[in-house]
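# one predicted model, sequence on top.
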Amino acid sequence: MSKTYTLVRIAALAAVSIATMAACVTTHDRISRREGDLAAAGFVVKPADTSERRLMLSLLPRNRFVQRTHDGVVHYVYADPVVCKCLYVGTQQAYGAFKKHEEDRHLADEQEMTAQMYSDPAWRWGPWGPWEPDIGFIYGPNGW
């Protein structure tokens with residue numbers, strides 16, 4: 001094996017490791033933010049602080065909602081066996097508040113993206129072309 005090949009392999013492994021760590025941090029942050037939103041919407045946190053609770057937590061899908069009925073009342077359950085090692089339990093009202101908050105955040109993100117789309121009149125596509133026909137952009141003297 002050549003020295004250059006070995007260095008390339010080491011560099012590639014380092015890049016993959018860094019990307020993996022960044023993805024984990026991003027996932028952790030996303031889950032933490034979601035759990036803050038769950039608490040704000042009225043979900044109650046139930047820590048998996050006994051062996052029986054940890055077992056029950058492991059039987060639920062990770063970081064997804066499921067419906068469970070207890071004493072004739074539907075509850076929404078969100079299991080997090082990694083970040084908080086807990087269960088979030090909420091009523092239909094809490095689930096509705098959470099979903100509304102998610103929709104509002106999505107709408108705000110779209111509105112922010114729309115506002116930023118053409119915020120700088122000096123920016124244009126021209127220097128980034130010419131475009132291939134299948135991309136869908138038409139390159140011309142003014143950039144479009």
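Nice, thanks for sending it over.
# switch to C-alpha atoms for all contacts and neighbour counts from now on
Fine.
# in this structure, what spans have low per-residue confidence?
Applying pLDDT under 70 to the chain flags the ranges 1-25, 27, 31, 116-119, 125, 129-144.
# ranges for the strands of it?
44-47, 65-70, 73-80, 86-90 (DSSP state E).
# tell me, how many residues neighbour residue 115?
Neighbours of residue 115 under the rule other CA atoms under 10 Å: 10.
# sorry, that was for residue 71
5.
# ranking the strands of the chain by burial, who's on top?
The highest average neighbour count among the strands of the chain, using mean count of other CA atoms under 10 Å, belongs to strand 86-90 at a mean of 22.
# same for that one, what does it pack against?
strand 44-47, strand 73-80 (3 or more CA pairs under 8 Å, 6 or more residues apart in numbering; DSSP states H and E).
# can you list those in JSON lines and add distance to residue 36?
Below are the helices and strands packed on strand 86-90 laid out as JSON lines (distance: least, CA to CA, whole Å):
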{"stretch": "strand 44-47", "distance to residue 36": "10"}
{"stretch": "strand 73-80", "distance to residue 36": "12"}
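# give me every residue that touches the closest residue to residue 85 other than its chain neighbours.
Setting aside the residues directly before and after it, residue 85 is nearest to residue 48 in space (CA to CA, 6 or more residues apart in numbering), at 5.8 Å. Listed by CA atoms under 8 Å, 6 or more residues apart in numbering, the contact partners of residue 48 are 54, 57, 85, 86, 87.
# fine by me, we can end here.
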